[in-house]
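Colleague: sequence plus predicted model, see below.
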There are 2 protein chains.
Amino acid sequence: MDIKNFKVYGSLSSPATLKVLACVFEHDLDFDFVHIDLEAGEHKQPSFLAMSPFGQVPVFDDGDMKRFESRAIIRSIAHEYGKKGEELIYWECKRQAIVADWIDVEDHKFEPLALKLVFEWVDKPSKGLTPDESVAAEAEADLAAVLDVYEARLSKFKYLASDDYTIADLLHLPNLQALLGTKAKRLFESRPHVSTWCFDILARPAWSKVLEMQKKPQA
Amino acid sequence: MDIKNFKVYGSLSSPATLKVLACVFEHDLDFDFVHIDLEAGEHKQPSFLAMSPFGQVPVFDDGDMKRFESRAIIRSIAHEYGKKGEELIYWECKRQAIVADWIDVEDHKFEPLALKLVFEWVDKPSKGLTPDESVAAEAEADLAAVLDVYEARLSKFKYLASDDYTIADLLHLPNLQALLGTKAKRLFESRPHVSTWCFDILARPAWSKVLEMQKKPQA
């Protein structure tokens, strides 16, 4: 019998799903991945909406309850399944507050610009469409300003929230991976501390496992 | 001597500042409010950027450290200064995960649409500009769909995350207050559970204290 308690419902084309998978692998949880076909609209079916009221992937089901916002899932996994000495979030209020600041920086500052650039430089070309280079240039300039703040921060700490890897770093992985395959690579390479940080976090074994999953054909 | 440990730097025209103030009042913290003049660009000055690297209000200073993302500030205040039996967030992982889901719903689903409507129906008219009614109509339709999910949720629980008031509810206050002064009021009034919830949370004494602050002239 191989009944697993944990299930991740999602799509390997969804950055939010990939973030949750990276977190699940960091915490060595044995889980089943349930592929949700976004093109077929499976995420808008009543059975899926019963788990995720806004019809979005991923959903994390720990056998007891279902959670549907990716950062909320990741925070709660980090709290509930943290390994002593290797926690990716802190229980102590003030240390946790710093992680929370940088989780919201990823959410409000990094991801919106990253998604714009990925859309113009990855998604559009993959469909034979022409990127809007003026939109991309504006997003790239804005992202450069954000990465200047990262560079200053990472010159003081090894990772964004502290000298330890936390979920604030983890949340960057999927978009970082995608951007490094585009012209935006120069933004990261030209900032020495940002560059070291990218190299470090993308080399996490948990992230390699996510990339391995992407290579396998989905059911 | 009246030296207070806590300082909130912000603007009473900033919804994020108002959210933090509501939270500070809920926790009975004695604090100094430092008005940051956004029109004069005080938030982009080096002394402010040293506290808030992206140049945004509010900043919360507890005498020990400065926090700059409003939801991170609110989470950490709720954890650190929660009153026994009246906590606005939970320590227990699974209960906290539900609050986290609904904090992110406010962040990703409610606020972006609310800000669009407030911009069209409050900010533009206040400057003598004409609202773009097609933009407003689209935002209103999207917000109606979000509030349908709220109505279903609030038919099962008294508040968004549970039967207790939590920071997931609190975060809605400033935009809710603004929207109820516009045509968007109909969206809330036509949904009985949403309507009851609005009335309930807007009547919190902590929120009344924020509104009182807005009435006083700022330094």
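Modeller: Okay, I see it.
Colleague: drop to CA atoms for contacts and neighbour counts, all remaining ones
Modeller: Will do.
Colleague: and the strands in chain A?
Modeller: Counting by DSSP state E, one finds strands in chain A at the ranges A:6-10, A:31-35, A:59-61, A:66-67.
Colleague: A:S11 against A:E39, yeah?
Modeller: No. Between A:S11 and A:E39 there is no contact under Cα atoms under 8 Å: 10.2 Å.
Colleague: and these two? Which one has more around it.
Modeller: A:S11 (21 against 7; other Cα atoms under 10 Å in any protein chain shown).
Colleague: contacts only, for the more buried one.
Modeller: Taking Cα atoms under 8 Å, 6 or more residues apart in numbering or on different chains, we find A:S11 in contact with A:17, A:35-38, A:57-58.
Colleague: ok, back up a step: quick one: closest of the strands of chain A to A:T130.
Modeller: When these are compared by Cα to Cα, strand A:6-10 sits nearest A:T130, at 28.5 Å.
Colleague: check which helices and strands the closest one sits against.
Modeller: strand A:31-35, strand A:59-61 (3 or more Cα pairs under 8 Å, 6 or more residues apart in numbering or on different chains; DSSP states H and E).
Colleague: adding mean neighbour count, write those out as TSV.
Modeller: As requested, the helices and strands packed on strand A:6-10 are exported to TSV (neighbours: other Cα atoms under 10 Å in any protein chain shown):
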stretch	mean neighbour count
strand A:31-35	16
strand A:59-61	24
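Colleague: just send the ones you listed back as TSV, with mean pLDDT and distance to chain B too.
Modeller: As requested, those are arranged in TSV below (pLDDT from 0 to 100; distance: least, Cα to the nearest Cα, whole Å):
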stretch	mean pLDDT	distance to chain B
strand A:31-35	97	18
strand A:59-61	98	11
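Colleague: ok, which residues in chain A are in contact with chain B?
Modeller: A:53-54, A:67-69, A:71-73, A:75-76, A:79-80, A:93-94, A:96-98, A:100-101, A:104-105, A:146, A:149 (Cα under 8 Å from any Cα of the partner chain).
Colleague: please indicate which of those residues are buried?
Modeller: The neighbour count (16 or more other Cα atoms under 10 Å in any protein chain shown) marks A:53-54, A:67-69, A:71-73, A:75-76, A:79, A:94, A:96-98, A:100-101, A:104-105, A:146 as buried among the residues of chain A next to chain B.
Colleague: what mean pLDDT does stretch A:188-205 get?
Modeller: Throughout stretch A:188-205, pLDDT has a mean value of 98.
Colleague: tell me the contacts of A:C23?
Modeller: A:C23 neighbours (Cα under 8 Å, 6+ apart): A:74, A:77-78, A:167, A:170, A:206.
Colleague: for A:S76, list the residues it contacts.
Modeller: Taking Cα under 8 Å, 6+ apart, we find A:S76 in contact with B:93-94, B:96-97.
Colleague: doesn't A:Y9 make contact with A:D62?
Modeller: No. A:D62 is beyond contact range of A:Y9, at 11.3 Å (criterion: Cα under 8 Å).
Colleague: more neighbours: which of these two?
Modeller: Taking neighbours as other Cα under 10 Å, A:D62 and A:Y9 compare with A:Y9 leading, 22 against 16.
Colleague: skipping adjacent residues, who's closest to the more buried one in space?
Modeller: A:V34 (4.6 Å; Cα to Cα, 6 or more residues apart in numbering or on different chains).
Colleague: where's that neighbour relative to A:L21, distance?
Modeller: 12 Å (Cα to Cα, to the nearest Å).
Colleague: what do you get for A:L187?
Modeller: The gap separating A:L187 from A:L21 is 26 Å, by Cα to Cα.
Colleague: those two - which one has more neighbours?
Modeller: Counted by other Cα under 10 Å, A:L187 and A:L21 do not tie: A:L21 has more neighbours, with 26 against 19.
Colleague: where's the nearest residue to that one once chain neighbours are set aside relative to B:E138, distance?
Modeller: Excluding the flanking residues, the one nearest A:L21 by Cα to Cα, 6+ apart is A:V210, at 6.4 Å. Distance, A:V210 to B:E138, using Cα to Cα: 37 Å.
Colleague: sweet, I'm off.
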